[in-house]
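Colleague: sequence and predicted structure below; questions after.
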Amino acid sequence: MIARSVRAPSGETGDLSGLSLLRQLFREERVGLLAGSLAGLVWMGARVAVPKCTQLAIDRGIAPGDTQATIAWALAILAVGCVAAVFTGIRHWYANIVAKKTERRVRQRLFVHYQRLHVGFHDGVPVGDLMGRANSDLAEIERLTNLAPSTIAAFVGLLAVTAILFATNAGLAALSLSTIVLLVVTTVRFAKLLQPASAAVQLELAALGSVVEDTVSGMRVVKGLGAEETQRQKLHEVTDSIYEHSIALARIRAAYLPAYELLPLVGIAIVLVVGGGRVLDGTMTVGQIVGFSGYLLMLVYPMQRAGLMIPQLQRTLVASRRIAAVLSVEPAIAEQPDAVEHPDGPGAVRFEHVWFGYPPVAGQPALLDFDLSIEPGTSVALVGATGCGKSTVTRLLLRFYDAQEGRIAIDGHDVRHLRSADLRKLIAVVFEDSFLFEDTVAANIALGNSEAPRELVERAARLASADGFISALPDGYETLLGERGYSLSGGQRQRLAIARAILADPRVLILDDATSAIDSTREHEIRQALVEVMKGRVTIVIAHRPATIALVDRVVMLDRGRIVADGAHEDLLATNATYARFLTGRSAAS
Amino acid sequence: MRGSGRKPLLSRGALGRARPLLRPYHRRITAAGCLIVVWLVGSLSTPLLIRYAIDEGIDGHDRHALHVAAGLLLLAVALTYVSYRGQLILLNQVGEGFLRDLRLRVFAHLQALSLGFYDRQQAGVLVSRMTSDVDALSNLVQTGFFTFIASVLLIASSAVVLVVLSPVLAAACLILIPPVVIASVWFRRRAAPLYLVIRDRVGRVLGAMHEGLAGVRVLRAYGAEDIAIRRFDAHTDELFEAHVAAVRISMRYMPVIEFASIGATAVVVGTGGLLVEHDLVTLGTVVAFVLYLSNLFQPIEQLSFLLQLVQTGQAGLGKLFGLLDARVEIVSRAGAVELPSSGEIVFEQVSFSYGAGVVLDEIDLTVAAGERVALVGPTGAGKSTLGKLAARFYDPTAGSVSFGGVDLRDGTLGSLRDRIVVVPQEGFLFTGTLSENIRLGRDDASDADVRRALEAIGALARFSALPRGLETQVESRGARFSAGERQLVALARVALADPGVIVLDEATSSLDPVTEREVEDAVELLARGRTLISIAHRLTTAERADRVILVDGGRIVEDGPHAELVARGGRYAQLYSSWVGGKAVDSPTIEPAARDPNGGAV
């Protein structure tokens, strides 16, 4: 029922940049990264030694027929193999562990941050966006971290191989490496083409998800109108588009990927002609030719890696910028350092000259110079048209938002100066959209009150007239709810939410359209429960049904952020034409 | 699709069932197969050409042989490139085409399934079938297919060439095969269950995160953030443990392959050296062996890591087929006829059950054309089911529902939705513009038609007043629109569809009285000249109807006009007096004035 606009997260341009986040993450895992990179270097060193050993085995053993030398070099290769094997394992271990540790750390940090951020932030950013940052964006960082040690090793290996080739025969090296120059050009072009092409596919996949989600969630509408063909047509268009973009991407990959494996072979052809000629001239050995060929083949790996890493780096930078942006949003509402404990009090609520407008829209404020005083133990219904500010009143009291001017006090204490935990204990709320967690029925009722004894939980359920259906559940109070568990009807969910509020036993109870999902033929069942619950505490009710409104001591009617009527329901009906007209739905809408 | 596709020959289960879906792509698959052969020949010839260059060119002091070898090598490179590239494109076309067909087929099936299926399934789960489960396959399609086929062929053919080149040397290399095979089997066995665990735990982490975000306001209000954080931390820790366990396995497996591939070089150099001395093989052969072996072990490792991809893909495919196996209940019969354009709805001895327990028990009911009927009764009494049967969302378990004398089961589905439309009043907005939203299911409607539909329910002015009018984009499920506006859009859709019968499933959540009045007026306008069956959640609706039908325990308990039933003093009268709230009877919504249907509208 809230029709406010979705706002962009404030502070997107935070002080933590993507790059500094990456640097910070790498610093936190520097031991593991260093260990992984060192292991990677040893592994690469061993790999680089293999063609050299082979070359020596041929030139010193096989070619001159020196059996002992042959055996010795073969054993040397075996030893090198042992080293390579051990260190590739170590590298693999560190690279993966560091990556997964980073993933876990950032994910936990993000979740804590999300839980600390003000509700105003959450009102402006869709859940999917925040999920994406902690999932697919984080995966890009994880991947980069994982690839870092082997990339460093590959790069050093590339330099080492080049150096060895030039040391062996500079002329031939220059000649055969000319193919590698082509490979570098290939890599750069490949990276440049790949990025937009795969981004296009991702975009289409997102569009597909949106069509499917719309259709599945709105299936009752689709079926009711017989609109299956409309939706099928939409999906058809998206799938065709996915197909075309995927094939475009595949064409790019198909053009470039084989080049990595094949260009070094062109280098080998050069080695055979030129190098072979030199062997015949006596200026080179057969072993050197073999070694040369082996090294040229070794270049495939680092070049492939580079082709992979350039787009990966770009993606990771974008992703870490998004993560850093959300991390650098400061919670706008936090406990003040000098917050005071709330002394026992009766729970008198006062709004004094409160002004409030939802950021960042400057236009019409939601509350204008709003004054309201609720005596301890009394109940008040807030009524008014959509957008009149009645929900804003409860949001300010809960400190989901802070007033821009004026103050809100409970028993004379400004809510901004109270400790958060105390404020939460003072107030409980039942929302229109009752949210249940994937946990047992009992745990859902005891939210925020986990050590409550079972008798109290059951008593709260009874008061909310929820014990009937709970006992009928397969495991009673221990029945698991949620995606993996049992699902309840809207009315049942709402009764659980009411039980939750009853158990919290607050000084101030807010019922934000809390009976709306309960069938009106059933509403009377819960009416008595509400009367019971309202006893001895301040209750603020947002409701539209006259029967619910009739339960409270006093009705406050709002219009565009101001109070336009205030009094007992019956008195207002009799004396206030605006109020009476409103309840019949007769007042001019604007 | 059943029966014929069930040959568990090549692969069991899901992959086997996917084969019929590949049938349209047989020509491309054959072409790719031919190119793979060319690619294989090109790849295998490289070491042979190098051997030729060394033995004939260098050892035989023949420069010409060197040039021939280099020339042939370049030719082989060119052939390999062309065939490699060609088959990558072909296989991707096959794979992406397969994914597209699969998506369309699953989607069509989803739309054909009855609403009962949707009541049992979580929307999120169904969406993930079409997204993440198909995505899991796409990785397999993009790289997996090719890697798998190429690796297997390369290993097999390299082995053959090695044996032909030098059986003795090939035999020496055999020592390395057992450890590699043992390690690979061990890895497969240990890693496979771990990957399943990881997938499951990733799901849990994301689930916990979603819960913590969607429920952030409740957590905040109850100061329960720390509980959520602790739970989330526990889930991420569990996922991390699973990752560590998996890395521990792969960390032991990788060195075996690495050692085998370098060890093979050592064996070839050592053994080969001795054989060269005794002139049993040439130096070129030894070099060729070294090159072949470097080709041989990489694919083995790749195959092992493909395991995860295959496993995820297979699991995804299995779930998709599970969905396709869900039975479609509502279908057009062979020889189905067009339903008449108007008529009465007749329930004859209708019983219905969703499985266990009877929901409707031998209902007899006739709704005349143009009549306005309100179905009332407690939750679970069967009133919603009754409404849904009238629109053939379900078929009765016994008895029949007919429209204008034709059994609904004998009518075509197309004509059914032209005559009878069901509206959840709780307006659901789709991504797109307002005008597209209203046009849902009536794609041929013009902009003028859309405006006329809005006009007909008295809501044109409200939506035209928006800055972009009917072209206003609906974002995030219409969060910018109020609940009342969403309901008006739902009603405008019906006005555009212009059916003879409307089954209106009333909204349960309440609107503020002013908006509610506006929506009620729209319903009034919509109902003129049409049959309206309301599944009523509020008794104001019942008051306005021509006839109230009280349903309880699967039977019609009372049937008659509102005033008559109240006067009769039966169950309905009881319900009514309890609803108006005893002493609060004066509440204005039930004053006679509020019942004037045409007052002040238009």
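Modeller: Structure received.

Colleague: going forward, measure contacts and count neighbours with C-alpha atoms only.
Modeller: OK.

Colleague: where does pLDDT dip in the stretch 451-600 of chain B?
Modeller: Applying pLDDT under 70 to the stretch 451-600 of chain B flags residues B:476-479, B:508-510, B:579-600.

Colleague: with chain A instead?
Modeller: Using pLDDT under 70, the flagged stretches of chain A are A:1-15, A:360-363, A:483-485, A:516-525, A:585-590.

Colleague: residue nearest the middle of it, spatially speaking?
Modeller: The residue lying closest to the centre of chain A (Cα atoms, centre = their mean) is A:M131, at 2.3 Å.

Colleague: that residue and B:A208 touch, don't they?
Modeller: No - because the distance of 10.6 Å does not satisfy Cα atoms under 8 Å, A:M131 is recorded as not touching B:A208.

Colleague: residues contacting the residue in the stretch 251-400 of chain B positioned nearest to chain A?
Modeller: Using Cα to the nearest Cα, the single residue of the stretch 251-400 of chain B nearest to chain A is B:P255, 4.1 Å away. By Cα atoms under 8 Å, 6 or more residues apart in numbering or on different chains, B:P255 lies in contact with A:A84, A:A85, A:V86, A:F87, A:T88, A:G89.

Colleague: now do it against B:F430, distance only.
Modeller: Computed with Cα to Cα, to the nearest Å, the distance linking B:P255 and B:F430 is 53 Å.

Colleague: hey, which helix is longest across chain B?
Modeller: Of all the segments assigned as helix in chain B under DSSP state H, the longest by residue count is helix B:225-277.

Colleague: the contacts of B:P255: which ones sit near chain B?
Modeller: Filtering the contacts of B:P255 for proximity to chain B (criterion: Cα under 8 Å from any Cα of the partner chain) leaves A:A84, A:A85, A:V86, A:F87, A:T88, A:G89.

Colleague: for B:F259, state which of these is nearest.
Modeller: Comparing these against B:F259 with Cα to Cα picks out A:A85 as the nearest, at 5.1 Å.

Colleague: now do stretch B:378-396, average pLDDT.
Modeller: Mean pLDDT, stretch B:378-396: 85.

Colleague: and the gap between B:R462 and B:P513?
Modeller: Spatial separation of B:R462 from B:P513 under the definition Cα to Cα is 17 Å.

Colleague: that older thread, so which of the contacts of B:P255 wins on neighbours?
Modeller: With neighbours taken as other Cα atoms under 10 Å in any protein chain shown, the top of the contacts of B:P255 is A:A84, carrying 28 neighbours.

Colleague: contacts only, for the residue nearest to that residue when sequence neighbours are not counted.
Modeller: In space, A:A84 comes closest to A:W43 once its chain neighbours are excluded; the distance is 4.6 Å by Cα to Cα, 6 or more residues apart in numbering or on different chains. With contacts taken as Cα under 8 Å, 6+ apart, A:W43 has the following neighbours: A:V83, A:A84, A:A85, A:F87, A:T88.

Colleague: so which of the residues you listed comes closest to chain B?
Modeller: Relative to chain B, the closest of the contacts of A:W43 is A:A85; by Cα to the nearest Cα it sits at 4.1 Å.

Colleague: ok, that closest one to A:V329 distance?
Modeller: Distance of A:A85 to A:V329, computed by Cα to Cα: 46 Å.

Colleague: ranges for the strands of chain B?
Modeller: Per DSSP state E, chain B carries strands over the ranges B:345-352, B:360-367, B:372-376, B:398-403, B:406-407, B:420-424, B:432-433, B:473-474, B:501-505, B:531-535, B:547-552, B:555-560.

Colleague: I'd like these as a markdown table, with distance to chain A and mean neighbour count appended.
Modeller: Conversion of the strands of chain B to a markdown table gives the following (distance: least, Cα to the nearest Cα, whole Å; neighbours: other Cα atoms under 10 Å in any protein chain shown):
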| stretch | distance to chain A | mean neighbour count |
| --- | --- | --- |
| strand B:345-352 | 17 | 21 |
| strand B:360-367 | 19 | 18 |
| strand B:372-376 | 9 | 27 |
| strand B:398-403 | 17 | 21 |
| strand B:406-407 | 19 | 18 |
| strand B:420-424 | 4 | 25 |
| strand B:432-433 | 10 | 16 |
| strand B:473-474 | 12 | 18 |
| strand B:501-505 | 9 | 25 |
| strand B:531-535 | 12 | 26 |
| strand B:547-552 | 11 | 24 |
| strand B:555-560 | 15 | 18 |
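
Colleague: closest one to A:H413 among the ones you listed?
Modeller: Of those, nearest to A:H413 by Cα to Cα is strand B:473-474, at 42.9 Å.

Colleague: now for that closest one, which elements pack on it?
Modeller: Secondary-structure packing of strand B:473-474 (3 or more Cα pairs under 8 Å, 6 or more residues apart in numbering or on different chains; DSSP states H and E): strand B:432-433.
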